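Enquirer: how would this look folded up:
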Amino acid sequence: MKVICLFALQLTLLGNFCFAGPLIKGDIVKVEQSGFGGASGGGEFVLSKLIAPNSWEFAGKTFCLELNESFAFGEELIVGGVGNRAVFGGNNTQLGDPLSNRTKNVFASFSNGTLNSSVPGYSYNDTPSANALQEAIWKLEGERSSPLSQLAKDLMSWSSTAANSSVFALNLFAKNTPDAAIAAFNQLDSSTWAAVYGYQKQDLLYTRALVPEPTSIAIFLIGLGCAGTARLRSSRRKAKNSKTAQESLACSAA
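Expert: This next block holds a predicted model:
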């Protein structure tokens, strides 16, 4: 029984580990391939936050907002802003490009693990689906006008225009961007952008909701289930032992 309890505890802790704290200006992050997507340089990526020297914390899955901006996988980047717009406009050359509510909503559904139940044909951990979602995001953000796959069209059709306050644009700059430029940078004040212009790397989608990966949810629930089962068995065993002891005392008294 102790082995079962220990195993359950380990699973639960593993599930909890995937809940990350919010990213803020000045945080150091890196972006790596998730193994899904990759078409046209976009797709599904893994975002990690530096929490101690050589120690990284999972911060969520993400997609690119800009078509013509790039970064190197594993490169350390600095967060310049977390807000409702991309900066420098990307492929549509619009300064201070506001995030579309439709982009926010489709990404929120992706992040909370419900997109596959909302849009038939979408699958998590699937390259065609990741590419289709990136395609839809670029189209919604005015970055691309090329023909879309049917799944990308379905994702766009499903996306809602309702206001969404959980999804943001993460403005990322090179790590060597001057601290003073990062400190002064303000998404809503274009006069503060000139100092960081040459350091711009990419704008990524980010949700502050503390939502783990879908697989982590399953691990977390399994851990809780195992722990609950172990506790129930322990309670039943104690109750049985108590009953046996009472019966033994009763017989002695007789």
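
Enquirer: How is the protein partitioned into domains?
Expert: Following automatic domain parsing, the chain resolves into domains at 1-16+213-254, 20-211.

Enquirer: how about the ones you listed in a markdown table, adding mean neighbour count and mean pLDDT?
Expert: No exception for glycine: its C-beta is placed from N, CA and C like everyone else's. Shown next, in a markdown table, are these (neighbours: other Cβ atoms under 10 Å; pLDDT from 0 to 100):
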| stretch | mean neighbour count | mean pLDDT |
| --- | --- | --- |
| domain 1-16+213-254 | 13 | 49 |
| domain 20-211 | 18 | 93 |
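
Enquirer: Figure out the length between the terminal residues of stretch 132-152.
Expert: 5 Å (Cα to Cα, to the nearest Å).

Enquirer: do stretch 111-124 as well
Expert: Between the opening and closing residues of stretch 111-124 lies a distance of 10 Å (Cα to Cα).

Enquirer: do the same with stretch 37-57
Expert: By Cα to Cα, the extent of stretch 37-57 from end to end equals 22 Å.

Enquirer: residue closest to the middle of this structure?
Expert: With distances taken as Cα atoms, centre = their mean, the residue of the chain nearest its centroid is residue 60 (2.3 Å).

Enquirer: Now that residue: closest residue in space that isn't a chain neighbour?
Expert: Excluding its sequence neighbours, the residue lying closest to residue 60 (Cβ to Cβ, 6 or more residues apart in numbering) is residue 47, at 5.2 Å.

Enquirer: Tell me if I'm right that that neighbour and residue 29 touch.
Expert: Yes. Residue 47 is within contact range of residue 29, at 6.0 Å (criterion: Cβ atoms under 8 Å).

Enquirer: okay, and the common contacts of the two?
Expert: Residues touching both residue 47 and residue 29 (Cβ atoms under 8 Å, 6 or more residues apart in numbering) are 59, 170.

Enquirer: residue contacts, the closest residue to residue 49 other than its chain neighbours?
Expert: Computed as Cβ to Cβ, 6+ apart, the closest residue to residue 49 that is not its neighbour in sequence is residue 59, at 4.5 Å. Neighbouring residues of residue 59 by Cβ under 8 Å, 6+ apart: 20, 23, 29, 47-49, 206.

Enquirer: Stretch 91-101 spans what distance, first to last residue?
Expert: By Cα to Cα, the extent of stretch 91-101 from end to end equals 19 Å.

Enquirer: going forward can the numbers begin at 433, since that is how I track them
Expert: That works, and once the first residue is 433, the last one we named lands at stretch 523-533.

Enquirer: is it true that residue 497 touches residue 601?
Expert: Yes. In this structure residue 497 lies within contact range of residue 601 using Cβ under 8 Å: 6.0 Å.

Enquirer: what sits in contact with each of the two?
Expert: 518, 531, 635-637.

Enquirer: Out of the residues you listed, list just those in strands.
Expert: Using DSSP state E, the subset of these located in strands is 518, 635-637.

Enquirer: any chance of those residues in a markdown table, plus distance to residue 559?
Expert: Listed next are those as a markdown table, based on distance: Cβ to Cβ, whole Å:
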| residue | distance to residue 559 |
| --- | --- |
| 518 | 25 |
| 635 | 23 |
| 636 | 19 |
| 637 | 18 |
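
Enquirer: Secondary structure class of residue 597, three-state.
Expert: The three-state label given to residue 597 by DSSP: H, G, I helix; E, B strand; the rest coil is coil.

Enquirer: ah, wrong one, I meant residue 623
Expert: Criterion first, three-state DSSP; result for residue 623: helix.
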